[in-house]
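In: Structure of the sequence below:
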Amino acid sequence: VKIARAYFLAAAACFFCLAMENALAAHRSMIQGRKRDVSDPPPPPVPHLPDPAVPHPAPQAPAQDSVMAFAGLPTPLQRVPMHLRVWKPRPASVPFLPAQVSVTDTNDIARGPMDLKIVSYNVLAEQLEENTTAGLDPAVASWNARKLLLAEELDSWGADIICLQEVDHYHDFFQPFLAERGYEGVYLPRGGDKPDGCATFWRTQRLQVTRSRGLNFNISQTFDRNNVA
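Out: The predicted model follows:
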């Protein structure tokens, strides 16, 4: 009986060992099957479905649309031809903030801070009018009409410094007109095939320029436009 019991226990132990080995082999096979080859394409993303029980914020409008809505303009923003645009005058309630700078006189004696009035305009070069004023009445949009309004506008400000862009009538209009009013100026053409440039004027009763330097931004393959300052 003891011998039979020993054989039975030995057989049961062998059977148990074989069963465990088969189970481990099956588990290893299942793990290897789950491993994805790195060369296989990634599985498609699982779409995320919002839980209807959880409240979600309403979609936000683009920032530009929000700004346009705040300004009372139609959204989405659409480019309107120049001759169809409606221009609104600047409200008188907007305060004028003069710049404070420290200047020196001809003897380099510090005079302390002073208020300066600076204006800047893109005056639209006459040779570039076709790009902007198409469809407008030439009696309003032509250079001969606009230069009278520009003269009135610049004269009304009485600025200490005037910065102008898209200037192509520096020598025959802006320079003599402003020289009669006590200004000196410098002009820097854009170069290349561009017909215009930038001009800066200052009132000689208040300012004296000791040095000026023009900047050309066409300096590399990245900065390759004929812009100046």
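In: For the rest of this, base every contact and every neighbour count on C-alpha atoms.
Out: Will do.
In: mind checking the SS state of residue 211?
Out: coil (DSSP: H, G, I helix; E, B strand; the rest coil).
In: ok, now residue 151?
Out: helix.
In: Look at the nearest residue to residue 124 once chain neighbours are set aside and tell me its secondary structure.
Out: In space, and not counting its chain neighbours, residue 124 is closest to residue 166: 5.3 Å by C-alpha to C-alpha, 6 or more residues apart in numbering. Under three-state DSSP, residue 166 falls in the strand class.
In: Check residue 136 too.
Out: coil.
In: now do the one 10 residues further on
Out: Secondary structure assignment for residue 146 (three-state DSSP): helix.
In: how about it, what does it touch?
Out: residue 140 (C-alpha atoms under 8 Å, 6 or more residues apart in numbering).
In: I'd like to know how far it sits from residue 228.
Out: Using C-alpha to C-alpha, to the nearest Å, residue 146 is found at 24 Å from residue 228.
In: Same question for residue 179.
Out: 23 Å.
In: which ones are touching the nearest residue to residue 224 once chain neighbours are set aside?
Out: Closest residue to residue 224 apart from its sequence neighbours, by C-alpha to C-alpha, 6+ apart: residue 218 at 4.4 Å. Applying C-alpha under 8 Å, 6+ apart, we find residue 218 in contact with 224-227.
In: Need the pLDDT of the residue nearest to residue 196 when sequence neighbours are not counted.
Out: Closest residue to residue 196 apart from its sequence neighbours, by C-alpha to C-alpha, 6+ apart: residue 168 at 4.6 Å. Note for residue 168: predicted pLDDT of 94.
In: which of the contacts of residue 218 are buried?
Out: 226-227 (16 or more other C-alpha atoms under 10 Å).
In: can you list the contacts of residue 218 in a markdown table and add pLDDT and distance to residue 174?
Out: Output for those, formatted as a markdown table (pLDDT from 0 to 100; distance: C-alpha to C-alpha, whole Å):
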| residue | pLDDT | distance to residue 174 |
| --- | --- | --- |
| 224 | 75 | 28 |
| 225 | 79 | 25 |
| 226 | 83 | 22 |
| 227 | 85 | 20 |
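In: Great, nothing more from me.
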